[in-house]
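Asks: sequence and predicted model, in that order:
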Amino acid sequence: MTLRRALTALTTLTAALALAACGVTNTPPPANPVTKTTRASVSAAASSATRPAVTASVAPAPAGFRNCVYTVTGNPARPVDPPNGKEVPATGTTAVTLTMTEGKVTITMDRAKTPCTIASFLSLVQQKYYDGTACHRLADRGLYMLQCGDPTGTGRGGPGYQFADEIFPTDTYVAGTVAMANAGRGTNGSQFFIVYQDSTLPRNYTVFGKVDQASIGVVARMAAEGQDGSNPDGTGRPNNPSQIISVAAG
């Protein structure tokens, strides 16, 4: 691929992200590989009437903790409850291990940097939201990442709630980066992506973890089998099953 073609492809991906909106029909997911869609607005309204928003206490959190807000937006792709946003731990590191098709992928996370994102991720792990799910999108040209976290496997599924971004000017997308996919500002849910080769993206995604070299190798082996090109931007479903078999915290 020439430099001009690579830059054109990256511009197309970024433009698709800017144009992405919440899906209201069962159309294919948007072209950008780190963009997700959400369920229909009618479903969101019905769900909001029955599932209360989980919000943080008005009182400031004590030192070492953060209050987070998780706003109910619709029905979850798999039965799951929003996390408790009151006094979320904001110090220390934690880890989870994904047992995937080609081996184990360990994600290490810094609670001091992205406590609200990590609290949500761990809550979903503990509720087995990710177990037995397939990663639905692979980018292997110019951008190198595997996107996971939707139990429906369509790119439209989420946990039925959203939360704010935790983005920093120093964030980059080098190999090993783990970040949240989104459909625009403040729309984080359950979908995330793992970068297996250095990539360039705008700082629009919450970087909440990293994987070690062995884990990068696991993702790279799945990516090596390519993808079906089913999306307009040249990304698609991985040819390898790329399944998250189970996830364990610690």
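Replies: Sure, I can see it.

Asks: give me the three-state assignment for residue 122.
Replies: Under DSSP: H, G, I helix; E, B strand; the rest coil, residue 122 falls in the helix class.

Asks: and the pLDDT for it?
Replies: pLDDT, residue 122: 98.

Asks: also residue 164?
Replies: With respect to pLDDT, residue 164 scores 98.

Asks: pretty sure it contacts residue 70?
Replies: No. Counting by CB atoms under 8 Å, residue 164 does not reach residue 70; the two are 9.5 Å apart. C-beta here means a position set from N, CA and C on the backbone, and glycine is covered the same way.

Asks: who has more neighbours out of these two?
Replies: Legend: neighbour count by other CB atoms under 10 Å for residue 164 and residue 70, higher for residue 70 (26 against 16).

Asks: hmm, the more buried one is touching residue 86, no?
Replies: No. Assessed by CB under 8 Å, residue 70 is found out of contact with residue 86, at 10.7 Å.

Asks: against residue 96, how distant is residue 87?
Replies: Residue 87 sits 21 Å away from residue 96, going by CB to CB, to the nearest Å.

Asks: ok, now how distant is residue 224 from residue 76?
Replies: In this view, residue 224 and residue 76 are 33 Å apart by CB to CB.

Asks: what's across from the spatially most central residue of the chain in the sheet?
Replies: Nearest residue to the geometric centre of the chain (CA atoms, centre = their mean): residue 192, 1.7 Å. Going by DSSP bridges, residue 192 is paired in beta bridges with residue 148, residue 180.

Asks: got a list of what it touches?
Replies: Taking CB atoms under 8 Å, 6 or more residues apart in numbering, we find residue 192 in contact with 121, 147, 148, 149, 178, 179, 180, 181, 208.

Asks: list the contacts of the first one.
Replies: Same thing as residue 121. Here residue 121 is in contact with 96, 109, 192, 208 (CB under 8 Å, 6+ apart).

Asks: what strand or helix carries the first one?
Replies: Think residue 96. strand 93-100 (DSSP states H and E).

Asks: need the contacts of residue 192 in CSV with distance to residue 246, can you?
Replies: Formatted as CSV, these follow (distance: CB to CB, whole Å):
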residue, distance to residue 246
121, 15
147, 19
148, 13
149, 14
178, 17
179, 22
180, 21
181, 21
208, 20
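
Asks: ok, so of these, who is nearest residue 242?
Replies: When these are compared for distance to residue 242 (CB to CB), residue 148 wins out at 7.6 Å.

Asks: tally of neighbours for that closest one?
Replies: Using other CB under 10 Å, residue 148 has 27 neighbouring residues.

Asks: surely it is in contact with residue 136?
Replies: Yes. Here residue 148 reaches residue 136: they are 7.3 Å apart, a contact under CB under 8 Å.

Asks: beyond the lowest-mean-pLDDT helix or strand in the chain, next helix or strand please.
Replies: Here the helix or strand of the chain ranked lowest by mean pLDDT, DSSP states H and E is helix 41-48, holding a mean of 36. Next along the chain after helix 41-48, taking DSSP H and E as the criterion, comes strand 65-66.

Asks: residues in contact with that next one?
Replies: For strand 65-66, using CB under 8 Å, 6+ apart, the contacting residues are 87, 88, 89, 90, 115, 116.

Asks: tell me the mean pLDDT for it?
Replies: Strand 65-66 comes out at a mean pLDDT of 95.

Asks: cool, and stretch 102-114?
Replies: Mean pLDDT, stretch 102-114: 98.

Asks: can you give me the buried ones in it?
Replies: Residues 102, 105, 106, 107, 109, 110, 111, 113, 114 are the ones in stretch 102-114 that count as buried (16 or more other CB atoms under 10 Å).
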